[in-house]
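Trainee: Predicted structure and sequence below. I'll ask about it afterward.
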Amino acid sequence: MSNPASNESYEGQIGSLASQRPGKGNVIDLRSDTVTQPSPAMREAMYRAEVGDDVYGEDPTVNRLEELAAAKVGKEAALYVPSGAMGNTTAILTHCRRGDEIIVGDRSHIYLYEVGGAARLNGSPARSVPTRPDGTLDRVRLASAFQGSDIHEARTGLLCLENTHNMCGGRVIPPQTLRELATPAHERGLPVHMDGARLFNAAVALGLPASELAAQVDSVMFCLSKGLSAPVGSMLAGSREFIAEARRVRKLLGGGMRQAGIIAAAGIVALNEMVDRLAEDHANARHLAEGLANIPGVAVDPASVETNILFFGVVSESGINAAANTALAEAAAREGVLLSGGDDGRIRAVTHYGITAADIDRALVVIAQCLLAVAL
Ligand code: TLP
């Protein structure tokens, strides 16, 4: 078969892609697992994908992806959405009436990094509850966060949890803890949504099926485009009724896609082939943390590294030295090691498909050298 876009055979092109490192030359990009390149199997699946108009429900590849995703997380139905943020926002708009309040962790992605979507699009204020270092919520503050019995208060419509927890360094919340956190909402007849952008990292770290985590909540969003390495897309899963309504909300948000099977095909490969390998990313993150702990002047807690995200940095007597961390990250970038930042001035490193143990060794050398240069 030949590629319509060129005279070169498709197999020839895939062959050369397969031999490429799934990264960018010599750059070691630890900014995020969102930077992953699709695997050769994904590119092949995308090339061959059977497609139709998904707004009519006629894209067979999207339909297959939605069925597969629902089965993987043990929910009745699932919806393919363009991004994690759209998945979370769709969930909020589906669960809540206009003006209902949502309860979120004060370090959660929904609260910090989703452009205030719930407030802007649904008039839903966010009531934040302190996030604990393990990614859970302060239970005393959570218990008193539910509103609506008094005429002065906005009614609570939804509790949101995050697992793994990004800003807490990829911490995993196990099923029993999720259940306990969800209980105060469920006792009040309120739904619980889980931002599981990295749900499969949590499942692999725990050695449990993702469905055991998803079973504790009413809806779950997970991303295909992070550690699972698909180029685009996330899934929102829940009951059949919930997903039918979420489909309308997705359309409202402009997320009704047409021949989306082209990208959904890569999502199917992601779910079938890329889950187990997440353990490699977790081992690399732990290796990085242990190496960093041996560099004088670097503060890091290797024992808390459970998945593929870790935070580290220079800490002075007065606390986190954000200026030194920025200088360190800039110096490392000049040497080809890309890092990002967190909400508290520390440096974030994320391991993913395309990052090898040898890359981690090189990153450690670069960071150690840059730290010396920054300290001088
Ligand atoms: N996280 C990105 C940035 O937005 C910070 C990253 O590099 O980690 N939930 C969680 C927990 C996330 O970490 C992210 C993305 C999202 C939702 C949003 O996903 P997208 O980027 O697909 O909208």
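Mentor: Thanks, I have it. What you see is a predicted model; the values in this text were computed from it and never measured.
Trainee: Could I get the contacting residues of the residue of the stretch 1-150 of the chain found nearest the ligand?
Mentor: Nearest to the ligand, among the residues of the stretch 1-150 of the chain, is residue 84, at 2.4 Å (Cβ to the nearest ligand atom). Placement of C-beta: from N, CA and C, glycine included. Taking Cβ atoms under 8 Å, 6 or more residues apart in numbering as the criterion, residue 84 is in contact with 109, 195, 197, 221, 223, 225, 226, 234.
Trainee: Help me confirm that the fourth one is found in a helix?
Mentor: The one in question is residue 221. No - checked against DSSP: H, G, I helix; E, B strand; the rest coil, residue 221 lies outside a helix; its state is strand.
Trainee: okay, now it: neighbour count?
Mentor: Residue 221 has 30 neighbours, counted by other Cβ atoms under 10 Å.
Trainee: tell me the secondary structure for residue 102?
Mentor: Residue 102 - assigned by three-state DSSP - is strand.
Trainee: Next, the contact list for it, please.
Mentor: 92, 96, 110, 118, 124-127, 156-160.
Trainee: Can I get the buried ones among the residues you listed as something I can paste into ChimeraX?
Mentor: Remark: buried members of the contacts of residue 102, expressed as a ChimeraX selection using 16 or more other Cβ atoms under 10 Å:
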select :92,96,110,118,124,126,127,156,157,158,159,160
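Trainee: Would you format the contacts of residue 102 as a markdown table with secondary structure, pLDDT and distance to the ligand included?
Mentor: Listed next are these as a markdown table, based on DSSP: H, G, I helix; E, B strand; the rest coil; pLDDT from 0 to 100; distance: Cβ to the nearest ligand atom, whole Å:
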| residue | secondary structure | pLDDT | distance to the ligand |
| --- | --- | --- | --- |
| 92 | helix | 98 | 12 |
| 96 | coil | 98 | 18 |
| 110 | helix | 98 | 7 |
| 118 | helix | 96 | 13 |
| 124 | coil | 98 | 17 |
| 125 | coil | 97 | 20 |
| 126 | strand | 98 | 15 |
| 127 | strand | 98 | 19 |
| 156 | strand | 98 | 21 |
| 157 | strand | 98 | 19 |
| 158 | strand | 98 | 15 |
| 159 | strand | 98 | 16 |
| 160 | strand | 98 | 10 |
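Trainee: interface residues of the stretch 1-150 of the chain facing the ligand?
Mentor: 32, 34, 83, 84, 85, 109, 113 (Cβ under 6 Å from any ligand atom).
Trainee: Most neighbours among these, which one?
Mentor: Ranking those using other Cβ under 10 Å puts residue 84 first, with 27 neighbours.
Trainee: Go through the residues of the stretch 1-150 of the chain next to the ligand and flag which are in helices.
Mentor: Those of these mapping onto helices are 84, 85, 109, 113, per DSSP state H.
Trainee: Check whether residue 345 sits in a helix, strand or coil.
Mentor: coil.
Trainee: For the ligand, what is the nearest residue in the stretch 151-300 of the chain?
Mentor: Closest point on the stretch 151-300 of the chain to the ligand, by Cβ to the nearest ligand atom, is residue 197, at 3.4 Å.
Trainee: coming back round to it: save the ones in helices among the residues of the stretch 1-150 of the chain next to the ligand as TSV, and put in pLDDT too.
Mentor: Output for those, formatted as TSV (pLDDT from 0 to 100):
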residue	pLDDT
84	98
85	98
109	98
113	97
